[in-house]
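Q: Mind folding the following:
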Amino acid sequence: MSRRDQIQMTAAEIQAFLDAERVVVCATNGPSGWPHLMPLWFVVRDGAVWAWTYGKSQKVRNLERDPRATLQVEAGDTYDQLRGVMIEADVTLHHDADVVAELGIAIAARFAGGELGPEALAALRAQAPKRVGLQFVARRTASWDHRKLAGTY
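A: Numbering: from 1, shown residues only. Just a heads-up that it's a prediction; the model follows:
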């Protein structure tokens, strides 16, 4: 078995990892040809990563021009603890304010650790018309978990 095969995560491990982490780095193709990388808070819905951002952001402009992105979520402070997931994805932009508001509420609830109060809900709904939902549909996924190599460095 190759070292690559040894460190690959199972689908269940990937799901658990994404459930535990809070930030995804999203790379889009910038207007000058350089990658444009930005961190986003996210949720996983039906196996797909979803995020939201301002509709006038550079990443939305990039995705309107080229609806592909690469995502990376990573963790670990030392080489033997490194783990992560890289997802090459097609991106669907959602502009419907109700869809975007529910997404924003789901993201905020995830980071707040539970239910949101009425003021927070109202604020999130008020932001929705200025924001866009980003649905990342995976084409290819790669994962790694160096902890699986315990002591083989």
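
Q: Apart from its neighbours in sequence, what residue is nearest Trp144?
A: Nearest residue to Trp144, sequence neighbours excluded (Cβ to Cβ, 6 or more residues apart in numbering): Ile7, at 4.7 Å. In short, each C-beta sits where N, CA and C put it, glycine included.

Q: What residues does that neighbour make contact with?
A: Listed by Cβ atoms under 8 Å, 6 or more residues apart in numbering, the contact set of Ile7 reads Ser143, Trp144, Asp145, His146, Lys148, Leu149.

Q: didn't the last one look like it was pressed against Asp5?
A: Read that as Leu149. No. In this structure Leu149 lies outside contact range of Asp5 using Cβ atoms under 8 Å: 11.3 Å.

Q: of these two, who's got more company?
A: Comparing Leu149 with Asp5 by other Cβ atoms under 10 Å, the one with more neighbours is Leu149, at 14 against 8.

Q: Tell me which stretches of the chain form helices.
A: Taking DSSP state H as the test, the helices found in the chain are 3-7, 11-20, 58-65, 97-112, 118-127.
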